[in-house]
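S.K.: quick one, what's the 3D model for this:
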Amino acid sequence: MRLRFLGSGDAFGSGGRFNACFLVETTASTFLVECGASSMIAMRRFHVNPNRIGTVFVSHLHGDHFGGLPSMILDGQFYSRRTAPLTLVGPPGLGERLTQAMEVLFPGSSKVERKFVTEIREIPPDQTVTINGVTVTPYTVQHLCGAPPFAYRFACDDKVLAYTGDTEWTESLLAVGRGADLLIAEALFYERKVKYHLDYATLKASLARIGARRVILTHMGPEMLAHVGDVPEETAEDGKVVEV
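M.R.: As a prediction, the model looks like this:
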């Protein structure tokens, strides 16, 4: 499993970083975890052909996590000339929110017939499913976004990739990350506690209980970015490549 951080930033581009977007390549599938609003820019910056991506998993329905989907769909129609199906996976409400976003940003775009099929898969929490060669289990976390927010546990190539999404501390993160080969964890703040988000100090206190083999911190705001050199864990940056 090979992972590349196309975007590792928070909602507001702190540190000049792109919104959340992780490219994962396995023997069976190439997929994205998150597709924030700046994701098409990031793909162009890092020379990623969007037609290689068969599936996109989004954790929740905030613009910095799913807001790049309208542009990705329209790029497939007009520029990349996509023909292969594109599967979009996320919590209940994804289909309706995506239609709303497309109609607000590009009126009429949600109703256009294209040369590729766009399949929306809204999956329930706490049930393991296999989609396009990727086995995934979503867990409900604590983040206010108008629809159920998820953390994800992916299994492919005999490896486990875990991802917290955006959330305050919740005990469900123990199941998400337990024994994972790689845990990608939000660390929006260093010590400051803000509802619905993880700070590094709170996360650090539970890392031993989680027991992931490797941890990379992402979605860092200004306070956390100022302390990157003070923590022993790895931190994400745009373009970083990880072999899992």
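S.K.: ranges for the helices of the chain?
M.R.: Assigned by DSSP state H, the helices in the chain fall at 39-45, 63-66, 69-78, 94-105, 172-177, 200-210, 222-225.
S.K.: looking at the ones you listed, which is buried most?
M.R.: Mean neighbour count, computed with mean count of other Cβ atoms under 10 Å, is highest for helix 63-66 among the helices of the chain, reaching a mean of 24. The way it works is simple: take the backbone N, C-alpha and C, and place the C-beta from them, glycine included.
S.K.: reformat the helices of the chain as JSON lines; add distance to residue 151 and mean pLDDT.
M.R.: Compiled in JSON lines, those are given as follows (distance: least, Cβ to Cβ, whole Å; pLDDT from 0 to 100):
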{"stretch": "helix 39-45", "distance to residue 151": "20", "mean pLDDT": "98"}
{"stretch": "helix 63-66", "distance to residue 151": "12", "mean pLDDT": "98"}
{"stretch": "helix 69-78", "distance to residue 151": "20", "mean pLDDT": "98"}
{"stretch": "helix 94-105", "distance to residue 151": "16", "mean pLDDT": "98"}
{"stretch": "helix 172-177", "distance to residue 151": "4", "mean pLDDT": "98"}
{"stretch": "helix 200-210", "distance to residue 151": "11", "mean pLDDT": "98"}
{"stretch": "helix 222-225", "distance to residue 151": "19", "mean pLDDT": "98"}
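S.K.: residue contacts, the residue nearest the centre of the chain?
M.R.: The centre of the chain sits closest to residue 34, judged by Cα atoms, centre = their mean, with a distance of 2.8 Å. Residues in contact with residue 34 (Cβ atoms under 8 Å, 6 or more residues apart in numbering) are 7, 19, 20, 21, 22, 56, 57, 58, 59, 65, 66.
S.K.: how close does it get to residue 82?
M.R.: Per Cβ to Cβ, to the nearest Å, residue 34 is found 20 Å from residue 82.
S.K.: with adjacent residues omitted, what lies nearest to residue 77?
M.R.: If you skip the residues right next to it in sequence, residue 77 has residue 114 as its closest partner in space, 5.0 Å away by Cβ to Cβ, 6 or more residues apart in numbering.
S.K.: no no, residue 62
M.R.: With Cβ to Cβ, 6+ apart as the measure, residue 145 is the residue that lies nearest to residue 62, at 5.2 Å, once sequence neighbours are left out.
S.K.: which pLDDT does the model give residue 238?
M.R.: Looking at residue 238, its pLDDT is 98.
S.K.: would you list the helices of the chain in JSON lines and tack on distance to residue 137?
M.R.: Rendered in JSON lines, the data for the helices of the chain read as follows (distance: least, Cβ to Cβ, whole Å):
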{"stretch": "helix 39-45", "distance to residue 137": "24"}
{"stretch": "helix 63-66", "distance to residue 137": "18"}
{"stretch": "helix 69-78", "distance to residue 137": "22"}
{"stretch": "helix 94-105", "distance to residue 137": "17"}
{"stretch": "helix 172-177", "distance to residue 137": "8"}
{"stretch": "helix 200-210", "distance to residue 137": "15"}
{"stretch": "helix 222-225", "distance to residue 137": "27"}
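S.K.: okay, now the residue nearest to residue 54 when sequence neighbours are not counted: neighbour count?
M.R.: For residue 54, ignoring the flanking residues on the chain, the nearest one in space by Cβ to Cβ, 6+ apart is residue 132 at 5.3 Å. Neighbour count for residue 132, taken as other Cβ atoms under 10 Å: 15.
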